[in-house]
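*Asks:* Give me coordinates for this.
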Amino acid sequence: MRNRKLLHVAAGRGLRDDGNYLKFLEEARTEYLEDRGMFLKELMEEGVWFVVRRQEIEYKSSARYGDELEIKTWIKEFSNVRIQFEYEIKNQDGLFLTKAVTDMVCVGKDLKLKEMPDKLKMVLKKGIVS
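*Replies:* Reported below is the predicted structural model:
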């Protein structure tokens, strides 16, 4: 699992803007892969791209301006063309704020489904949490 601390923009009422959570999740999954030696820029240069197929976010409590967020990220499951990331977000006091799932598919530059390279599948296999 990956721990990540973030500070981000809040809406006028002092609560985190819900739209920012998509940015948090993208940053968390990118770091998850980079920490395991898989750099999106390199994959893209090899013609391997990822697009979000489905995004689920369940808000349990509100983050407030100035909160530090901890984002735990892991692989829920994957196939030859699909990765499903799962996340839990807590604040600095350990208060559970949000859980989320991002379902992504691998595509080529033509945006048609493409099988992931073996090196990526090996990394993903090590990260599955049951």
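
*Asks:* Please read off the pLDDT at the residue nearest the centre of the chain from the model.
*Replies:* With distances taken as Cα atoms, centre = their mean, the residue of the chain nearest its centroid is Arg29 (3.2 Å). Among the per-residue scores, Arg29 holds a pLDDT of 95.

*Asks:* Who does the closest residue to it other than its chain neighbours form a beta bridge with?
*Replies:* In this structure, Arg29 finds its nearest non-sequential neighbour in Phe85, 4.8 Å apart by Cβ to Cβ, 6 or more residues apart in numbering. To be clear about C-beta, it is placed using only N, CA and C from the backbone, and glycine gets the same treatment. Using DSSP bridges, the beta-bridge partners of Phe85 come out as Ile75, Thr102.

*Asks:* Would you check how far apart Met38 and Gly19 are?
*Replies:* Using Cβ to Cβ, to the nearest Å, we find Met38 at a distance of 27 Å from Gly19.

*Asks:* and the two? which has more neighbours close in?
*Replies:* Met38 (19 against 9; other Cβ atoms under 10 Å).

*Asks:* quick revisit: ok, the residue nearest to the centre of the chain touching Thr102?
*Replies:* Yes - between Arg29 and Thr102 there is a contact at 6.4 Å, judged by Cβ atoms under 8 Å.

*Asks:* overlap in contacts of these two?
*Replies:* Each of 85, 87 lies in contact with both Arg29 and Thr102 under the rule Cβ atoms under 8 Å, 6 or more residues apart in numbering.

*Asks:* Can you mark which positions in the helix ranked longest in the chain are buried?
*Replies:* What stands out as the longest helix in the chain, according to DSSP state H, is helix 20-34. Residues of helix 20-34 classed as buried: 20-21, 24-25, 28-29, 32-33 (neighbour count, 16 or more other Cβ atoms under 10 Å).

*Asks:* Quick check: the farthest pair among those residues?
*Replies:* Asn20 and Leu33 (20.8 Å; Cβ to Cβ).

*Asks:* No further questions, thank you.
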